[in-house]
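> When you get a sec, could you give me coordinates for this:
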Amino acid sequence: MVDPAERKLMRQDELDRNAVEGKFGQGKRRYGLGLIRAKLAETSGSMVGMAILVMNLEKLLREVFLLIWKRVVFAIFYRSQWSFCGP
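Sure thing, here's the model as predicted:
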């Protein structure tokens with residue numbers, strides 16, 4: 001019988017593993033991680049590292065773009081809203 005604290009820890013480990021495995025699945029689908037056929041382990045590791053770097057950079061750039069986009073839309077909306085308020 002597994003005590004509740006250990007069961008909770010096991011469940012949290014499963015959740016963490018699912019997130020990591022999902023990212024590897026995304027890497028295989030979108031970034032070609034499943035297509036790596038390097039002969040040396042060092043080369044394979046470098047290719048995996050570069051793919052993960054690209055994944056992280058893409059996420060960072062997406063977040064920066066959305067932040068800038070929200071500020072631009074906010075500025076345009078409120079500038080046009082205040083211009084119709086009268087003298």
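> what's near enough to touch the residue nearest to the spatial centre of the chain?
Computing the C-alpha centroid of the chain and ranking residues by Cα atoms, centre = their mean puts K59 first, at 5.0 Å. Neighbour list for K59: empty [criterion: Cβ atoms under 8 Å, 6 or more residues apart in numbering]. From N, CA and C alone the C-beta is placed, and that goes for glycine too.
> which residues of the protein score low on pLDDT?
80-87 (pLDDT under 70).
> Which stretches in it count as strands?
Taking DSSP state E as the criterion, the chain contains no strands.
> now the helices for it?
With DSSP state H, the ranges of helices along the chain come out as 4-30, 41-83.
> okay, the angle between the last one and helix 4-30?
It refers to helix 41-83. For helix 41-83 and helix 4-30, the angle between their directions (axes from the mean of the first three to the mean of the last three Cα atoms, to 10 degrees) works out to 90 degrees.
> From the chain's centre, how far out is helix 41-83? Work that out for me.
For helix 41-83, the gap between its own C-alpha mean and the chain's C-alpha mean amounts to 10 Å (Cα atoms, centre = their mean, to the nearest Å).
> The first one now?
Helix 4-30 has its average C-alpha position 15 Å from the chain's average C-alpha position, going by Cα atoms, centre = their mean.
> Mind giving me the packing neighbours of it?
For helix 4-30, the helices and strands in contact under the criterion 3 or more Cβ pairs under 8 Å, 6 or more residues apart in numbering; DSSP states H and E are helix 41-83.
> Grab the nearest non-local neighbour of M10.
V2 (7.4 Å; Cβ to Cβ, 6 or more residues apart in numbering).
> In contact with the closest residue to F24 other than its chain neighbours, which residues are there?
Residue nearest to F24 in three dimensions, not counting chain neighbours: L33, with 6.8 Å by Cβ to Cβ, 6+ apart. For L33, the contacting residues are 24, 27, 48, 51, by Cβ under 8 Å, 6+ apart.
> Please tell me how far I52 sits from V64.
From I52 across to V64, the span is 19 Å (Cβ to Cβ, to the nearest Å).
> More neighbours: which of these two?
The residue with more neighbours, out of I52 and V64, is I52; 15 against 10, by other Cβ atoms under 10 Å.
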